[in-house]
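Asker: below are the sequence and a predicted model; questions follow.
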Amino acid sequence: MATYDYDIGILGGGAAGLTVASGAAQLGAKTLLVESEEKLGGDCLHFGCVPSKTLIRTAQVYHAMKNAETFGLPFVEIPPVDFQKVKERIQSVISTIQKHDSEERFCKLGARVVFGSPTFIDEHSIRLNGETVSAKNWVIATGSSPGIPSIQGLDKTPYLTNREIFYLDRLPESMAILGAGPIAIEMAQAFSRLGTAVFVVQRSDQILSKEDKDMADGVMQVLSSEGVRFCLNASILDVKDLGNSREVRFKDKAEKINTLKVEAILVAMGRAPNVNGLGLESIGLEENRKGIKVDNRLRTAHKNIYAAGDVTGAFQFTHAAGYEGGIVVANAIFHLPKKADYTLLPWCTYADPELAVIGMNERLAVKAGIEYSVFTESFQDNDRSLAEGESVGEIKLVLDKDEKPIGVQILGPQAGELLSEWVAVLNGKVKLSTLASAVHPYPTLGEINKRVAGSPISPKIFSKKVKKGLKFFFHLKGRACAEGLHGRES
Ligand SMILES: Cc1cc2nc3c(=O)[nH]c(=O)nc-3n(C[C@H](O)[C@H](O)[C@H](O)COP(=O)(O)OP(=O)(O)OC[C@H]3O[C@@H](n4cnc5c(N)ncnc54)[C@H](O)[C@@H]3O)c2cc1C
């Protein structure tokens, strides 16, 4: 039997790689973790989720300060944002979380961490820092980088991506954001709230193109009302460096050429897999524009080499990367044929209001040719939401023809948190009637979940048939409002 230096080697110390490393090492597998940057943690910690959510919170507080009067408070003159201070807060949150993702921690768990740039030389071996290292199984978890579109002039124009945007020395006065996916939309609102004049330039007629249009439009309306300007149906012609400013030219739907002059350009037009230098072609591994090809057990063409996380191009979220890391551990360490299933993968766009989704939306149901029905509840009818000063948004429940829930979308305050109840309901196959009859504390935003769950049931409970039956058996007297106090015609 062939012998290898390690049971499992992992390339990439982000969400996917760290999940595999911690699982494998704790289960007693001799584990190597290779990271090409100076620190573990990956994009999520350094250039993604953590800095973006920290920035969003800062922008929320600043927005609330500017709008103190809407809460019955005195008007306050607010000085402009010092981005150095914002950056300091971002860095401090990152360094606190960094401790969970430190080399020492993984070493304590039993994994060997090595920093360097690995290259496959065969399906069991890599070259790393001048040495050859072998492992029985490998996991490619090298993540993704901002995809840079081929726009005329972009290569000669300074632009920002998610790698620079959280580390700016000062707040840009104006910014054109190319793209309208979750990263673009979150940054558009945060920077606009902090004081940047933001323009979102989007190819199609909708932002957040994976979402149902009505929900995405709901987000867009809020951002528009706060001052973000949207250029939809825009086909970008070119960009130009004008020295102290940049120019973006695009054609709109009416073929009119528009020009934006801005201080900064943020490119947020999708992601590209990090595969450069891995030597994948030399071992016959295929990748496409989106990522490395894997089967549903996340195995590549070589069954001992797995790929997980953003590098596969599937669902590019931290929780998806973590989930996939677990699938790899099940297959490579437990030798269980566990398959990845994304049917109930939730996600959230952290705009304010948030848009959180799980399962099928209407767009997907139509595409799949599924018979479905939709029930909605508005946050305007939720007492807590009104008390919080949050009246925008709704919950949308999608049911199949047997009235079983197949998807939920929530546009509203703390939608990401509210979705957790649906994560449990859908994964646990909990009946809607159970959720509808469960007592929820008053006043909470969560009551909206209970209410929408009751929507398909209440027409049946309060039907004419039921009323007729009750009248017959219990001699109920019927409507009272048109009668006098003693039950006679008024
Ligand atoms: C601005 C922004 C906001 C985001 N917000 C959210 C959010 O709120 N929620 C959410 O779920 N997701 C969010 N994401 C997505 C999330 O960050 C990614 O899905 C997640 O980081 C993917 O994890 P990963 O392990 O696949 O890749 P990564 O976390 O990127 O880790 C890959 C690691 O591999 C290393 N590496 C690269 N090449 C090599 C190599 N050749 N050899 C060795 N190591 C290598 C990298 O340095 C990195 O450390 C956001 C992303 C961005 C950009």
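Answerer: Received it, and whenever you're ready, just let me know what you need. Numbers count the residues shown, from 1 in each chain.
Asker: do I have it right that Val275 meets Lys293?
Answerer: No. Using C-beta atoms under 8 Å, Val275 is not in contact with Lys293, being 11.4 Å away. All C-beta atoms are positioned from the backbone trio N, CA, C, and that covers glycine.
Asker: quickly list what's touching both of these two.
Answerer: Taking C-beta atoms under 8 Å, 6 or more residues apart in numbering as the contact rule, the neighbours common to Val275 and Lys293 are Glu287.
Asker: helix or strand right after the longest helix that the chain contains?
Answerer: The longest helix of the chain (DSSP state H) is helix 49-66. Counting by DSSP states H and E, the element after helix 49-66 in chain order, helix or strand, is helix 83-98.
Asker: heading C-terminal from the helix or strand hosting Cys348, find the next helix or strand.
Answerer: Per DSSP H and E, Cys348 falls inside strand 347-349. For strand 347-349, the succeeding helix or strand toward the C-terminus, using DSSP H and E, is strand 354-359.
Asker: sort out which residues of the next helix or strand along the chain from that next one are buried, please.
Answerer: Sequence-wise, the next helix or strand downstream of strand 354-359 (DSSP H and E) is helix 362-367. Buried positions in helix 362-367, judged by neighbour count with 16 or more other C-beta atoms under 10 Å: 362, 364-365.
Asker: name the helices or strands packed onto helix 362-367?
Answerer: If contacts are counted by 3 or more C-beta pairs under 8 Å, 6 or more residues apart in numbering; DSSP states H and E, helix 362-367 sits against strand 372-378, strand 394-400, strand 405-412.
Asker: the ones you listed: which one's closest to Val357?
Answerer: strand 405-412 (4.7 Å; C-beta to C-beta).
Asker: got the angle for the closest one vs strand 394-400?
Answerer: 170 degrees (axes from the mean of the first three to the mean of the last three C-alpha atoms, to 10 degrees).
Asker: which other helices and strands contact strand 405-412?
Answerer: Helices and strands touching strand 405-412, by 3+ C-beta pairs under 8 Å, 6+ apart, are helix 213-226, strand 354-359, helix 362-367, strand 394-400, helix 415-427.
Asker: three-state assignment of the nearest residue to Lys460 once chain neighbours are set aside?
Answerer: Leaving aside its chain neighbours, Lys460 sits nearest to Val466 (7.6 Å; criterion: C-beta to C-beta, 6 or more residues apart in numbering). Using DSSP: H, G, I helix; E, B strand; the rest coil, the structure places Val466 in helix.
Asker: what does the one 5 residues further on give?
Answerer: For Lys471, the assignment made with three-state DSSP gives helix.
Asker: count of neighbours near it?
Answerer: The local packing of Lys471 (other C-beta atoms under 10 Å) involves 12 other residues.
Asker: distance of it from Gly478?
Answerer: Distance, Lys471 to Gly478, using C-beta to C-beta, to the nearest Å: 7 Å.
Asker: and Thr434, by the same measure?
Answerer: In terms of C-beta to C-beta, Thr434 sits 31 Å off from Gly478.
Asker: in terms of neighbours, single out the busier of the two.
Answerer: Between Thr434 and Gly478, counting by other C-beta under 10 Å, Thr434 is the more crowded of the two (11 against 7).
Asker: interface residues of the stretch 1-150 of the chain facing the ligand?
Answerer: 11-17, 34-37, 42-44, 47-49, 52-53, 117-118, 141-143 (C-beta under 6 Å from any ligand atom).
Asker: and with 5 Å instead?
Answerer: 11-16, 35-37, 42-44, 48-49, 52, 142-143 (C-beta under 5 Å from any ligand atom).
Asker: pull out the buried members of those.
Answerer: 11-16, 35, 42-44, 48-49, 52, 142-143.
Asker: what's near enough to touch the residue of the stretch 251-400 of the chain found nearest the ligand?
Answerer: Nearest residue of the stretch 251-400 of the chain to the ligand, counting by C-beta to the nearest ligand atom: Gly309, 2.2 Å away. Going by C-beta under 8 Å, 6+ apart, Gly309 touches 12, 14-17, 141, 143, 320-321, 324-325.
Asker: picking up where we left off before, need the helices and strands packed on strand 405-412 in a markdown table (columns: distance to the ligand and mean pLDDT).
Answerer: Listed next are the helices and strands packed on strand 405-412 as a markdown table, based on distance: least, C-beta to the nearest ligand atom, whole Å; pLDDT from 0 to 100:
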| stretch | distance to the ligand | mean pLDDT |
| --- | --- | --- |
| helix 213-226 | 15 | 98 |
| strand 354-359 | 10 | 98 |
| helix 362-367 | 20 | 97 |
| strand 394-400 | 21 | 98 |
| helix 415-427 | 9 | 98 |
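Asker: okay, these, which one's buried deepest?
Answerer: With neighbours taken as mean count of other C-beta atoms under 10 Å, the helices and strands packed on strand 405-412 reach their highest mean count in strand 354-359, at a mean of 24.
Asker: and Leu232, what does it touch?
Answerer: Residues counted as contacts of Leu232 (C-beta under 8 Å, 6+ apart) are 180, 202, 204-207, 253.
Asker: now those in JSON lines, please, with extra columns for neighbour count, pLDDT and distance to Val267.
Answerer: What follows is the contacts of Leu232, written out as JSON lines (neighbours: other C-beta atoms under 10 Å; pLDDT from 0 to 100; distance: C-beta to C-beta, whole Å):
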{"residue": "Ala180", "neighbour count": "27", "pLDDT": "98", "distance to Val267": "12"}
{"residue": "Gln202", "neighbour count": "25", "pLDDT": "98", "distance to Val267": "13"}
{"residue": "Ser204", "neighbour count": "10", "pLDDT": "96", "distance to Val267": "17"}
{"residue": "Asp205", "neighbour count": "12", "pLDDT": "96", "distance to Val267": "21"}
{"residue": "Gln206", "neighbour count": "17", "pLDDT": "98", "distance to Val267": "20"}
{"residue": "Ile207", "neighbour count": "26", "pLDDT": "98", "distance to Val267": "16"}
{"residue": "Lys253", "neighbour count": "10", "pLDDT": "95", "distance to Val267": "22"}
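Asker: next one: the nearest residue to Pro158 once chain neighbours are set aside from Thr157, what distance?
Answerer: The shortest distance from Pro158 to any non-neighbouring residue, by C-beta to C-beta, 6+ apart, is to Asp241 (6.4 Å). Asp241 sits 4 Å away from Thr157 when distances are taken as C-beta to C-beta.
Asker: the more surrounded of Val275 and Lys293?
Answerer: Taking neighbours as other C-beta under 10 Å, Val275 and Lys293 compare with Val275 leading, 18 against 15.
Asker: what's the weakest-modelled helix or strand in the chain?
Answerer: Within the chain, no helix or strand scores below helix 458-461, which has a mean of 90 by mean pLDDT, DSSP states H and E.
Asker: JSON lines for the helices and strands packed on strand 405-412, including distance to Leu445?
Answerer: JSON lines is the format used below for the helices and strands packed on strand 405-412 (distance: least, C-beta to C-beta, whole Å):
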{"stretch": "helix 213-226", "distance to Leu445": "16"}
{"stretch": "strand 354-359", "distance to Leu445": "11"}
{"stretch": "helix 362-367", "distance to Leu445": "23"}
{"stretch": "strand 394-400", "distance to Leu445": "10"}
{"stretch": "helix 415-427", "distance to Leu445": "6"}
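Asker: those: which one's closest to Ala24?
Answerer: Nearest to Ala24, of all the helices and strands packed on strand 405-412, is helix 415-427, at 25.1 Å by C-beta to C-beta.
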